[in-house]
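Undergrad: Here is a sequence with its predicted model. Questions after.
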Amino acid sequence: MQTRLIGQMSVSAIGLGAMPMSVAGHMPDEAQSIRTIHAALDAGITLIDTADAYTPTEAQVGHNERIVAKALASWGGDAGAVLVATKGGHTRPGGRWEVDGRPDYLKRACERSLKALGVEAIGLYQHHRPDPAVPYEESIGALRDLLDEGKIRMAGVSNADPAQIRLAAEVLGGRLASVQNQYSPRFRSSEPEVDVCAEMGVAFLPWEPLGGMGDVGALGERHAAFGEVARERGVSPQRVCLAWELARSPVMIPIPGSSRPETILDSLAAAELDLTAEELARLG
């Protein structure tokens, strides 16, 4: 099993993005979600990514976190060896995606996540998205306080540009553990952030690494080179995509979403797929 570092913690090179289990229009039933998480854990995944805003309605904030907590509580393995990463700073009024980066809100959101996950300290807590109405250093200052208070063990940021990544590291006193930005064959504009993370030794967790819910099934058609390499290798385009991302940088830890055991097991197999230099050049 290949592993990579987030902070000082070694985790599986592929994580599980739990978002599809709680977003209206894509939700499996809870039992299937828990089976999927159990299959991922049984196969060796030790990183699960969630957020308080992964919820079908505003009234159910923390829905995904509670599913993750139930799955870990009912799993027969060592749940203490699993890193659960969650996020705060997005809100869902009327089902919309809005932001609230006020320090007092982020601290309240963290308290709510602690209860939803049923833990005394969150393994990795990430600021979900910058709020234009709040100075970034003030939002990150809330994470610094949560670290100092022992309510979170590691801190990260999401949807941040290179300047914000460097500022976050400064505010956190060098304790920035992760950056979670969008990155996939369809969305490559986070290349500078990947390079900054590699320079700083910070984990990069690409969200929607397969292109998003509407792109996953058609990945090999929309991005022809991935389909070609997949056919030549006798594997799925999705597996090729994740292997390509792993080859991009040693700090890259993809977190593909999944709502079925079969798909997360296929994703995990990407960690064992070594692409050649020629194949990587074709994929771009």
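TA: It's in.
Undergrad: Name the single longest helix found in the protein.
TA: helix 103-117 (DSSP state H).
Undergrad: Following element in sequence after it, please.
TA: Moving toward the C-terminus from helix 103-117, the next helix or strand (DSSP states H and E) is strand 124-127.
Undergrad: Residue 256 contacts residue 268, correct?
TA: No - counting by CB atoms under 8 Å, residue 256 sits too far from residue 268 to count as a contact (9.1 Å). Any C-beta I mention is one placed from the backbone N, CA and C, and that applies to glycine too.
Undergrad: intersection of neighbour lists for these two?
TA: Residues touching both residue 256 and residue 268 (CB atoms under 8 Å, 6 or more residues apart in numbering) are residue 14.
Undergrad: gap between the most far-flung residue of the chain relative to its centre and residue 283?
TA: Distance from the C-alpha centroid of the chain peaks at residue 232, with 29.4 Å (CA atoms, centre = their mean). Distance, residue 232 to residue 283, by CB to CB, to the nearest Å: 12 Å.
Undergrad: With residue 62 instead?
TA: Distance of residue 62 to residue 283, given as CB to CB: 38 Å.
Undergrad: Could you do residue 15 as well?
TA: Counting by CB to CB, the gap from residue 15 to residue 283 is 21 Å.
Undergrad: give me the element the closest residue to residue 274 other than its chain neighbours is part of.
TA: Excluding the flanking residues, the one nearest residue 274 by CB to CB, 6 or more residues apart in numbering is residue 243, at 7.4 Å. In this assignment (DSSP H and E), residue 243 forms part of helix 237-248.
Undergrad: Now do that helix, average pLDDT.
TA: Averaged across helix 237-248, pLDDT comes to 98.
Undergrad: List the contacts of it.
TA: With CB under 8 Å, 6+ apart, helix 237-248 has contacts from 2, 13-14, 183-185, 194, 206, 209-211, 216, 219-220, 223, 226-227, 229-230, 233, 252, 254, 256, 263, 266-267, 269-271, 273-275, 280, 283.
Undergrad: among the residues you listed, which ones are buried?
TA: With burial judged by 16 or more other CB atoms under 10 Å, the buried subset of the contacts of helix 237-248 is 13-14, 183-185, 194, 206, 209-211, 216, 219-220, 223, 226-227, 229-230, 252, 254, 256, 263, 266-267, 269-271, 273, 275, 283.
Undergrad: Can you flag which of those residues belong to strands?
TA: Using DSSP state E, the subset of the buried ones among the contacts of helix 237-248 located in strands is empty.
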